[in-house]
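> Sequence first, then the predicted structure, then my questions.
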Amino acid sequence: MIKKNILILLIIKANTLLASNLSQLELERRLSKFEYDKRDEPYSIQQVSDSKSHIQFEGQLETMDPITSQRDIISFGLYRSKLSGRRPLIMIMPSIEGEILLERDVARYFANRGHTAIIARLNQNIADPNRELADIDDFLIRSTVSIQKLIDYALAHENIDSQNISAFGVSLGGIRTALVTGVDLRIKKSIIIVGGGNIPQILTSSQQSIIENYRSIRMGLEGFQKKRNFENYLKEHILLDPLVFAQRRSRNDIFMMIGNYDSSVPTDTQYQLWESFNRPNKIIIHAGHVLTAIRYRLYLYQFKKFIDEENYFISETLASSSP
């Protein structure tokens, strides 16, 4: 067991070093893939509820696809704090299942405590069976730029403190959060729950049913008989992995919750991301993907404290549960 753990740590370290050894010129070249037209874009919002502490809206942002330049719509949920003055903003990213109760619960929690929250309803899924493997970087660009455009909207049209923007995501939402945090330095703090780096490994090894289905379909359509060849192809074509851009951030900017028995976002890919962010705040849960994710609510107070306090840091907290 000890030898196995040492081997895993060595593999994690090797993958992390590969991502961090890019030249500054190559890093800038990859960052340039996320450049977009920053002009103010048409939007619409409609109030749907009014509570004691916040007002909830449904919104749409009319925009242009950063890859095709065709017209696109970004939908979002807005939870606007009723407190006066410029408010902190928290961006909440959906998982592979889309927006569920978890994202709405987090939005309400922060809105009830003075934040304005936006749930980004991103209209593309990494596991779309029609998406060719060579186009995954395009998906990552679309996802990241959509989040950035929603931040642009909030800064232009909501009463937001530009120095207090944070991000939150679970699973694929955590991967999206990790990527946009590395790309967009306007985001000051990020909370990543069971999110990983090394997307080629995640797509090759994940036992999550949607990913398994995508992998099976694409391996058949694109002529891969072995997972090893599938993963090598992805490594050649996915250049915009969260591991690449994590080096741009301080360890104090990140709070991770890691599932120690996760087969959906494999645990070692979560540790790879943790290493790439230079070992930031973390909570380790001895559980699988879902049982780790649903424990988010036990730590909401700590998440908010992390966002609100400049030097808040947890080196390690262990929580036990059966896998």
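Noted; the coordinates are in hand. Numbers count the residues shown, from 1 in each chain.
> outside of the helix or strand that contains Glu103, which residues touch it?
Under the assignment given by DSSP states H and E, the secondary-structure element containing Glu103 is helix 101-111. With Cβ atoms under 8 Å, 6 or more residues apart in numbering as the contact definition, helix 101-111 has outside contacts at 53-54, 77, 79-81, 88, 90, 92, 94-95, 117-119, 168, 170, 173, 293-294, 296-297, 300, 304. Yep, even glycine has a C-beta here, placed from its N, CA and C like the rest.
> so how far is that helix off the chain centroid?
Remark: helix 101-111 is offset 16 Å from the chain centroid, using Cα atoms, centre = their mean, to the nearest Å.
> what's the following helix or strand after that helix?
As assigned by DSSP H and E, the chain's next helix or strand after helix 101-111 is strand 116-121.
> Mind giving me the packing neighbours of that following strand?
Counting by 3 or more Cβ pairs under 8 Å, 6 or more residues apart in numbering; DSSP states H and E, the packing neighbours recorded for strand 116-121 are strand 71-81, strand 87-93, helix 101-111, helix 136-157.
> Pairing partners for it, with directions?
On the basis of DSSP bridges, the sheet neighbours of strand 116-121 come out as strand 71-81 (antiparallel), strand 87-93 (parallel).
> Can I get the ones you listed in JSON lines including distance to Ser216, mean neighbour count and mean pLDDT?
Listed next are the strands paired with strand 116-121 as JSON lines, based on distance: least, Cβ to Cβ, whole Å; neighbours: other Cβ atoms under 10 Å; pLDDT from 0 to 100:
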{"stretch": "strand 71-81", "distance to Ser216": "29", "mean neighbour count": "19", "mean pLDDT": "96"}
{"stretch": "strand 87-93", "distance to Ser216": "26", "mean neighbour count": "26", "mean pLDDT": "98"}
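> Format those as JSON lines; extra columns: distance to Gln46.
As requested, the strands paired with strand 116-121 are exported to JSON lines (distance: least, Cβ to Cβ, whole Å):
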{"stretch": "strand 71-81", "distance to Gln46": "10"}
{"stretch": "strand 87-93", "distance to Gln46": "19"}
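> now the helices and strands packed on strand 116-121 in JSON lines, with distance to Ile284?
As requested, the helices and strands packed on strand 116-121 are exported to JSON lines (distance: least, Cβ to Cβ, whole Å):
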{"stretch": "strand 71-81", "distance to Ile284": "30"}
{"stretch": "strand 87-93", "distance to Ile284": "22"}
{"stretch": "helix 101-111", "distance to Ile284": "20"}
{"stretch": "helix 136-157", "distance to Ile284": "27"}
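> Of all the ones you listed, which one comes closest to Met256?
strand 87-93 (14.4 Å; Cβ to Cβ).
> quick one: low-confidence ranges for the protein?
Across the chain, residues meeting the criterion (pLDDT under 70) sit at 1-20, 315-323.
> What residues does the residue nearest to Lys38 when sequence neighbours are not counted make contact with?
Counting by Cβ to Cβ, 6 or more residues apart in numbering, the nearest residue to Lys38 once its immediate chain neighbours are dropped is Asp152, at 6.4 Å. Taking Cβ under 8 Å, 6+ apart, we find Asp152 in contact with Lys38, Asp40, Glu41.
> shouldn't Leu27 be in contact with Ala246?
No - if you go by Cβ atoms under 8 Å, Leu27 and Ala246 don't touch, sitting 11.1 Å apart.
> Between these two, which is the more surrounded one?
Taking other Cβ atoms under 10 Å, Leu27 and Ala246 do not tie; Ala246 has more neighbours (27 against 15).
> if I look at the residue nearest to Lys38, how far off is Leu89?
Separation of Asp152 from Leu89 (Cβ to Cβ, to the nearest Å): 11 Å.
> Met257 too?
Counting by Cβ to Cβ, the gap between Met257 and Leu89 amounts to 21 Å.
> so which of the strands paired with strand 116-121 comes closest to Asp138?
So among the strands paired with strand 116-121, strand 71-81 is nearest, using Cβ to Cβ, at 13.0 Å.
> Assign a three-state SS to Thr204, would you?
At Thr204, secondary structure determined by DSSP: H, G, I helix; E, B strand; the rest coil is helix.
> chain center to stretch 217-235: distance?
Using Cα atoms, centre = their mean, the mean C-alpha position of stretch 217-235 is found 25 Å from that of the whole chain.
> My error: substitute stretch 263-280 in the last question.
Relative to the chain's own centre, stretch 263-280 is displaced by 13 Å; criterion: Cα atoms, centre = their mean.
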